[in-house]
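J.: Next comes the sequence, and after it the predicted model I'd like to discuss.
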Amino acid sequence: MGNTDTRVRGIAARAGGWSARHRWAAVGIWVLFVVLAMGIGSAAGTVKVKESDQLGGETHTAARIIEDAGIDEPASETVLIQAKDGSIKAPDAEFKDAVAAVVEAVEGTGKVTDVTSPYDANTISKDGRSALVQFDMRGDSDTAGERVEPVLKAVEGVQKDHSSLRIEEIGGASMMKTFDDAFGDDFQKAEYSAVPVALGILLIAFGALVAALLPVALAITAIMATMGLMGIASHFQPMDDTASSVMLLVGLAVGVDYCLFYLRREREERAAGRDAQTALRIAAATSGRAVIVSGVTVCVAMAGMLFTGLTTFEAMGLASLMVVAVAMVGSVTVLPALLSLLGERVEKGRIPFLHPDKRRKNGNGRATGEGSRFWSAVLKVVLAKPAVSLVVAAGALLAIAAPALGMKTQQLTLDQEFGDSLPIVQTYNRLNEAFPGGSEPAEVVVKAKDINAPEVKSALADFREQAISSGASRGPVEIKLHDAQNLAYVYVPLVGGSDLDKAGASLDKLRDEVRPATLGKVDGVEAPITGQVAGSKDFNDQLAGAVAPVFAFVVVFAFLLMLLSFRSLTVAITSIVLNLLSVGAAYGILVAVFQHGWGASLVGAEGVGAIVTWLPLFLFVILFGLSMDYHVFVVSRIREARMRGRTTNEAIKHGVVTTAGVVTSAAVIMVAVFAIFGTLSMQSMKQMGVGLAAAVLIDATVIRGVLLPAVMALLGERNWYLPKWLHRLPDFTHDESPEAVALPARDDEGEPLRV
């Protein structure tokens with residue numbers, strides 16, 4: 001019966017059938033697509049996200065004014081000169097000699113301009129122990145880190161001659177160089193190690209080299225094609241490096257997953273005695289269809305990022321959406337063709353003791369097909385007491401999610417992001433202690449018809465005075481004029497320094513009290529306030545406004561896709577609820593580990609008191625999409641088994657245990673790849689890696705192995721409930737395998753089953 005020719009329906013089945021019949025054409029078209037995408041994308045070039053487009057609010061307005069004025073703001077550097085024991089102060093001769101030596105040394109490099117002595121700019125701390133020599137790097141600020149080394153060496157030379165003082169440099173260029181030297185290779189190491197890790201796990205899962213290489217090859221070609229498409233798309237939606245990194249992560253995850261689903265099913269059907277052609281047709285109609293449903297759902301989730309209004313998020317969303325779509329198309333087209341071409345050769349390079357043929361076999365030497373023994377044992381307990389299992393598992397996840405109720409988000413400061421692992425971080429902390437807010441002052445960009453008009457100059461003087469008298473700043477407030485562009489920069493060190501909560505309160509005073517009372521009274525003057533603190537606040541505000549629309553979009557469309565794919569209101573509702581529970585648990589782990597510091601040392605991190613602003617929304621979109629991979633695959637197998645005439649509990653057990661291998665393999669790969677990012681030096685990357693890894697682990701075990709079967713067992717035939725008024729919905733239900741149509745499905749009472 002297994003080899004009877006039964007017509008199958010659906011895009012996946014038709015695409016797989018065509019590819020298997022036109023094998024070389026399918027492979028050739030795919031290769032041509034990848035080459036053309038890369039070639040055209042390379043020729044078109046990539047348009048990068050402009051700084052003025054990265055944020056909203058006043059930060060965006062300020063960046064736009066600077067950009068329109070054609071001012072290329074130089075990278076500013078500061079040298080902190082500080083007495084180590086307090087015995088030497090700024091008026092002392094030794095201190096003055098050190099200041100003069102620093103000024104002479106940095107000017108002598110020829111790499112700097114506008115060197116300012118603390119005695120001229122009054123950048124001396126109140127206790128007299130600390131002073132700042134300030135200057136700008138010549139040339140493009142974006143590449144200043146490449147030219148700052150001679151200046152750093154000059155400052156180090158002065159330090160050697162003045163051992164009683166601490167002489168240290170910090171600024172945009174020096175931080176850029178330090179981070180590039182210390183962490184510039186972190187991402188590349190993570191990206192390069194992800195592929196070998198995935199391949200190693202696939203070797204264990206398949207036990208054969210060729211079978212393990214196929215998913216990696218599909219993922220890599222999908223990523224290569226998407227890189228080219230990103231270049232083309234960047235002319236409509238600018239891209240950045242973050243989008244490329246996220247695209248690689250998502251592409252590797254879904255590319256391997258989709259190939260795993262397909263290849264495992266084809267292997268399973270051949271192991272059951274079907275010929276290669278029939279096994280491939282069944283895999284196309286079942287797993288191929290699950291790949292399409294999952295892929296479309298992931299694309300919808302990624303599309304949610306397009307509604308944030310933040311260019312970086314929009315770039316990440318579009319790049320992720322494209323790589324998922326490309327991987328999905330490749331899985332249902334070129335993969336069947338490759339499997340058809342390879343035939344039994346897909347088992348080449350067998351690894352002793354790892355190949356499935358060496359694992360569980362019946363007395364006839366054929367694979368039993370009963371799936372995972374571990375999950376069979378778990379399912380036996382869950383299905384025997386589904387209500388208890390539901391309460392225990394859901395209660396545990398809700399307890400894990402509970403800390404998320406107190407989540408605090410913010411842009412991480414330098415010391416939060418890197419801890420004390422770098423000397424420059426210690427310099428940053430000392431500078432902030434001596435000059436609160438001096439390392440990252442608020443920057444007021446003042447635009448007027450005539451920046452030298454008496455009323456404008458008077459307003460600038462009043463702003464400087466009231467910024468200090470209001471308590472927002474302790475000074476010094478520096479004003480830099482650009483007469484030709486009728487612009488002025490006002491630098492205001494904020495009270496609160498690196499404490500973003502206190503500095504935020506100072507920023508609010510400037511925006512809501514000082515500015516309206518001074519610059520706001522002059523007609524035609526624009527004075528947006530930017531800087532690190534302002535950027536963090538504006539980013540938070542815009543992201544907060546985007547959360548509800550993005551959440552609503554993703555949840556509603558995922559619900560509709562599940563409803564259409566399974567024609568079951570119950571499956572659609574439970575899918576959403578279980579995914580939300582998984583995301584909530586991930587949030588709880590993030591807050592517990594990184595905000596409160598509970599067990600942070602176990603993952604090489606530390607509690608920094610906050611979660612980086614962009615992560616919660618990013619995690620929601622990524623996890624909601626990726627978790628649908630498992631859900632669609634498992635529920636499809638459960639429904640297929642029910643259609644074959646098994647009872648509800650038998651179908652649940654069959655669906656879970658037969659998919660356990662592929663779900664476990666896919667989950668282990670994702671957890672391993674995401675965990676690599678958890679080993680990076682930056683706290684924000686650690687948070688992303690740990691959050692993603694924990695969520696995938698929870699989703700593949702507690703959600704799919706306990707909660708899903710417990711809920712479905714309690715619901716019984718209500719799993720497939722669809723109100724009559726929804727029967728007119730398009731029918732996108734599962735394409736059944738030939739065996740599936742051989743036996744009329746009946747419910748537990750013997751009545752024909754309508755699914």
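T.: Okay, I see it. Bear in mind the structure is a predicted one, so any value in this text is a computation, not a measurement.

J.: Just give me the neighbour total for V155.
T.: The local packing of V155 (other CB atoms under 10 Å) involves 23 other residues. To be clear about C-beta, it is placed using only N, CA and C from the backbone, and glycine gets the same treatment.

J.: That one contacts V79, doesn't it?
T.: Yes: with contacts counted by CB atoms under 8 Å, V155 reaches V79, the gap being 5.7 Å.

J.: what's the overlap in contacts for the two?
T.: Counting by CB atoms under 8 Å, 6 or more residues apart in numbering, the shared contacts of V155 and V79 are 102, 106, 167-169.

J.: Now do the helices in the stretch 401-550 of the chain.
T.: In the stretch 401-550 of the chain, the segments counted as helices under DSSP state H, counting those that start in this stretch are 414-418, 423-434, 454-469, 500-509, 515-517, 532-566.

J.: Which stretch among those helices approaches G228 most closely?
T.: Each of the helices of the stretch 401-550 of the chain has some distance to G228 by CB to CB; the shortest is helix 532-566, at 27.4 Å.

J.: what angle separates that closest one from helix 500-509?
T.: 110 degrees (axes from the mean of the first three to the mean of the last three CA atoms, to 10 degrees).

J.: and helix 532-566, which residues are buried?
T.: Going by neighbour count (16 or more other CB atoms under 10 Å), the buried part of helix 532-566 is 532-540, 542-543, 546, 550-551, 553-555, 557-558, 561-566.

J.: Confirm T113 sits in a strand?
T.: Yes: checked against DSSP: H, G, I helix; E, B strand; the rest coil, T113 lies within a strand.

J.: So in terms of bridging, what pairs with it?
T.: Beta bridges link T113 to D136, judged by DSSP bridges.

J.: contacting residues around it?
T.: Taking CB under 8 Å, 6+ apart, one finds 74, 135-138 in contact with T113.

J.: Looking at those, which one is closest to A700?
T.: M137 (49.4 Å).

J.: show me what contacts that closest one?
T.: Applying CB under 8 Å, 6+ apart, we find M137 in contact with 74-77, 111-113, 144, 147-148, 151, 171-173.

J.: Drop anything exposed from those residues.
T.: 74-77, 111-112, 144, 147-148, 151, 171-173.

J.: Please narrow these to those residing in helices.
T.: Per DSSP state H, helices hold the following members of the buried ones among the contacts of M137: 151, 172-173.

J.: export stretch 594-601 as PDB, just CAs?
T.: What follows is stretch 594-601, C-alpha atoms only, in PDB (Å, rounded to 0.1, in the frame of the first residue of the first chain):
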ATOM      1  CA  PHE A 594      21.200  40.200  33.800                       C
ATOM      2  CA  GLN A 595      19.100  42.700  35.800                       C
ATOM      3  CA  HIS A 596      19.200  41.100  39.200                       C
ATOM      4  CA  GLY A 597      22.400  39.100  38.700                       C
ATOM      5  CA  TRP A 598      21.000  35.700  39.900                       C
ATOM      6  CA  GLY A 599      23.400  33.100  38.600                       C
ATOM      7  CA  ALA A 600      25.000  35.600  36.200                       C
ATOM      8  CA  SER A 601      28.500  34.200  37.000                       C
END
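
J.: What are the buried residues along it?
T.: By neighbour count with 16+ other CB under 10 Å, stretch 594-601 contains the buried residues 594-595, 600.

J.: I'd like the residues you listed laid out as TSV, including distance to Q485 and pLDDT.
T.: What follows is the buried residues of stretch 594-601, written out as TSV (distance: CB to CB, whole Å; pLDDT from 0 to 100):
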residue	distance to Q485	pLDDT
F594	43	89
Q595	43	89
A600	47	76
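
J.: Just confirm M247 contacts A225, I think it does.
T.: No: M247 lies out of contact with A225 (CB under 8 Å); the separation is 11.1 Å.

J.: pLDDT-wise, which helix or strand of this structure ranks last?
T.: helix 51-54 (a mean of 62; mean pLDDT, DSSP states H and E).

J.: Can you give me every residue that contacts A233?
T.: A233 neighbours (CB under 8 Å, 6+ apart): 239, 318-319, 322.

J.: cutoff 7 Å now
T.: When contacts are counted by CB atoms under 7 Å, 6 or more residues apart in numbering, A233 touches 318, 322.

J.: what do you get for G678?
T.: By CB under 7 Å, 6+ apart, the residues touching G678 are 603, 686, 689-690, 693.

J.: Residues contacting stretch 622-639, please?
T.: Contacts of stretch 622-639 (CB under 7 Å, 6+ apart): 250, 253-254, 257, 261, 286, 290, 293-294, 297-298, 301-302, 554, 558, 566, 571, 575, 579, 582-583, 586, 651-652, 655-656, 658-659, 663, 666, 692, 695-696, 699-700, 704, 708, 712, 734, 755.

J.: Going by secondary structure, S245 is in what exactly?
T.: helix 241-271 (DSSP states H and E).

J.: Distance of the residue in the chain sticking out farthest from the centre relative to G108?
T.: Farthest-out residue of the chain from its mean C-alpha position, per CA atoms, centre = their mean: A93, at 53.3 Å. With distances taken as CB to CB, to the nearest Å, A93 is found 22 Å from G108.

J.: what do you get for V49?
T.: The gap separating V49 from G108 is 37 Å, by CB to CB.

J.: on that earlier part again, heading C-terminal from the least confident helix or strand of the chain, find the next helix or strand.
T.: The helix or strand immediately downstream of helix 51-54 is helix 57-69, counting by DSSP H and E.

J.: CA atoms only: put that next one into PDB for me.
T.: Backbone C-alpha positions of helix 57-69 (Å, rounded to 0.1, in the frame of the first residue of the first chain) are rendered in PDB as follows:
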ATOM      1  CA  GLY A  57      12.600  62.200  18.400                       C
ATOM      2  CA  GLU A  58      15.000  65.100  19.000                       C
ATOM      3  CA  THR A  59      18.000  62.900  18.400                       C
ATOM      4  CA  HIS A  60      16.800  62.400  14.800                       C
ATOM      5  CA  THR A  61      16.100  66.100  14.400                       C
ATOM      6  CA  ALA A  62      19.600  67.100  15.600                       C
ATOM      7  CA  ALA A  63      21.300  64.600  13.300                       C
ATOM      8  CA  ARG A  64      19.300  65.800  10.400                       C
ATOM      9  CA  ILE A  65      20.200  69.500  11.100                       C
ATOM     10  CA  ILE A  66      23.900  68.500  11.300                       C
ATOM     11  CA  GLU A  67      23.700  66.500   8.100                       C
ATOM     12  CA  ASP A  68      21.900  69.200   6.200                       C
ATOM     13  CA  ALA A  69      24.500  71.700   7.300                       C
END
